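Trainee: I need the structure of the sequence given here:
(chains A and B)
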Amino acid sequence: MSRDTALVSADWAEKNLDAPGVVFVEVDEDTSAYDTGHLAGAIKLDWKTDLQDPIRRDFVNKAQFEALLSEKGISNDDTVILYGGNNNWFAAYAYWYFKLYGHGDVKLLDGGRKKWELDARPLVKDTVTRPATQYVASEPDNSIRAFRDEVVAAIGTKNLVDVRSPDEYAGRLLAPAHLPQEQAQRGGHIPTAISVPWSKAANEDGTFKSDDELRKLYGEAGLDDGKETIAYCRIGERSSHSWFVLQELLGHPNVKNYDGSWTEYGSLIGVPIALGDEPGEA
Amino acid sequence: MTAPTAAGCAAPDQAAPLPASIDLEKETVITGVVHSAQGEAVPGAYVRLLDSTGEFTAEVVTSPAGQFRFFAAPGNWTLRALSRHGNGDIAVTAGRGVTEVTVTVGD
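Mentor: As a prediction, this is how the structure comes out:
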């Protein structure tokens, strides 16, 4: 994978809004932004109600994903362009998810909603409906998904990349600073995890930094190219953003997203936790 | 004790009153409005909270009345606002409770 295959620019998107076989999908947790205006022809996915199982603490399974994409009118051979707010956090999460279920051609819109809005590009309020399809998903590709036991086993052996803000990493905050801080779980990070906040991979307008800047960022942070990598954050969406950078833009092999992330790890009984700004010992 | 939006990372409604569950004895709330140079509220601006080293911490989008709100920690911060009318930033020193700030964007 590379920038050319995984990413499209806002200019490209604006010229291809009507292109046959291209489906634009806005992904957010709070879809009210979509309702106030979206890219022409774009459909919406709600991170919580569409992509999470309503009962189990997990995301939707293969059959649920097939039903969702069929109902939304996405075909297996469509080129899916994902974008959203929050610097594409949830769009990157959905990208990871489309990859997990084997979608052939999926890309992110560089800069997401933010760049689009700051550029004053056109947004419309039309209701978008697409004819239903018969979408067929692959079995989940767990080579890109990490589970808790494997994360605990990776301490001191694999690259662990904590992509939350420095204060969350150190245990001074339990959640991003635009949210109330009343989570019940412990603060801190997984011992030996390096801190590379997701935001360092993005420019102010939400676009990704250049490949050279990104390679320098992870190199200086101590990422070992010879090891497998697991990225995590709090609920797995910011780490999808960093997973996207490492695997899809920079082409690192063997990168996994730990979607259980800190909300799971920081609530496990008996696992080691490191506090403060240093990675800590295994 | 959990506010409706606390389970996720989406930008909460920036115009909503502080939830009753928020304990201002413990929370450090930085809130305010984004104004244009002409003094008009700027809705849809992207407000970024940067820590004392200038590192990005969080970002929200202003409400129709130009309002924003962060739950931070006591200390020195910078607020930087981006909008299609221009950008602007301001330094803030916050303690526990509510700190109110106005960020002006554009010329």
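
Trainee: pLDDT weak spots in chain A?
Mentor: A:177-184 (pLDDT under 70).

Trainee: where along it do the helices fall?
Mentor: Secondary structure of chain A, counting by DSSP state H: helices at A:3-6, A:10-15, A:32-35, A:62-72, A:89-100, A:112-118, A:148-154, A:166-170, A:211-221, A:238-243, A:261-265.

Trainee: deepest of those helices, which one?
Mentor: Comparing those by mean neighbour count (mean count of other C-beta atoms under 10 Å in any protein chain shown), helix A:238-243 ranks first with a mean of 29. C-beta: built from backbone N, CA, C; applies to glycine.

Trainee: which other helices and strands does that one contact?
Mentor: Secondary-structure packing of helix A:238-243 (3 or more C-beta pairs under 8 Å, 6 or more residues apart in numbering or on different chains; DSSP states H and E): helix A:89-100, strand A:229-232, strand A:255-257.

Trainee: so can I have TSV of those showing distance to A:Ala170?
Mentor: Shown next, in TSV, are the helices and strands packed on helix A:238-243 (distance: least, C-beta to C-beta, whole Å):
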stretch	distance to A:Ala170
helix A:89-100	21
strand A:229-232	15
strand A:255-257	22
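
Trainee: number of residues surrounding the nearest residue to A:Leu68 once chain neighbours are set aside?
Mentor: In space, and not counting its chain neighbours, A:Leu68 is closest to A:Asp50: 5.8 Å by C-beta to C-beta, 6 or more residues apart in numbering or on different chains. By other C-beta atoms under 10 Å in any protein chain shown, 19 other residues sit near A:Asp50.

Trainee: show me what the helix or strand of chain B with the lowest mean pLDDT is packed up against.
Mentor: The weakest-scoring helix or strand in chain B, judged by mean pLDDT, DSSP states H and E, is strand B:56-61 (a mean of 88). Under the contact criterion of 3+ C-beta pairs under 8 Å, 6+ apart, strand B:56-61 touches strand B:46-50, strand B:67-72.

Trainee: could I get these as CSV with distance to chain A and mean neighbour count?
Mentor: Listed next are these as CSV, based on distance: least, C-beta to the nearest C-beta, whole Å; neighbours: other C-beta atoms under 10 Å in any protein chain shown:
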stretch, distance to chain A, mean neighbour count
strand B:46-50, 5, 24
strand B:67-72, 5, 24
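
Trainee: give me the distance from the helix or strand that B:Leu79 is a member of to the chain's centre.
Mentor: For B:Leu79, the host element (DSSP states H and E) is strand B:75-83. For strand B:75-83, the separation from the chain centroid amounts to 8 Å (computed by C-alpha atoms, centre = their mean, to the nearest Å).

Trainee: got the buried residues for that strand?
Mentor: For strand B:75-83, a neighbour-count test (16 or more other C-beta atoms under 10 Å in any protein chain shown) marks B:Trp77, B:Thr78, B:Leu79, B:Arg80, B:Ala81, B:Leu82, B:Ser83 as buried.

Trainee: which ones are touching the residue lying closest to the last one once chain neighbours are set aside?
Mentor: The shortest distance from B:Ser83 to any residue that is not its chain neighbour, by C-beta to C-beta, 6+ apart, is 4.0 Å, and that residue is B:Ala45. Taking C-beta atoms under 8 Å, 6 or more residues apart in numbering or on different chains as the definition of contact, the neighbours of B:Ala45 are B:Val34, B:Val61, B:Thr62, B:Gly66, B:Phe68, B:Ala81, B:Leu82, B:Ser83, B:Val105.

Trainee: likewise for A:Pro166?
Mentor: Taking C-beta under 8 Å, 6+ apart as the test, what A:Pro166 contacts is A:Ser195, A:Pro197, A:Asp277, B:Asp51, B:Glu55, B:Thr57.

Trainee: burial check on the second one, number of neighbours?
Mentor: By the other C-beta under 10 Å criterion, the neighbourhood of A:Pro197 contains 23 residues.
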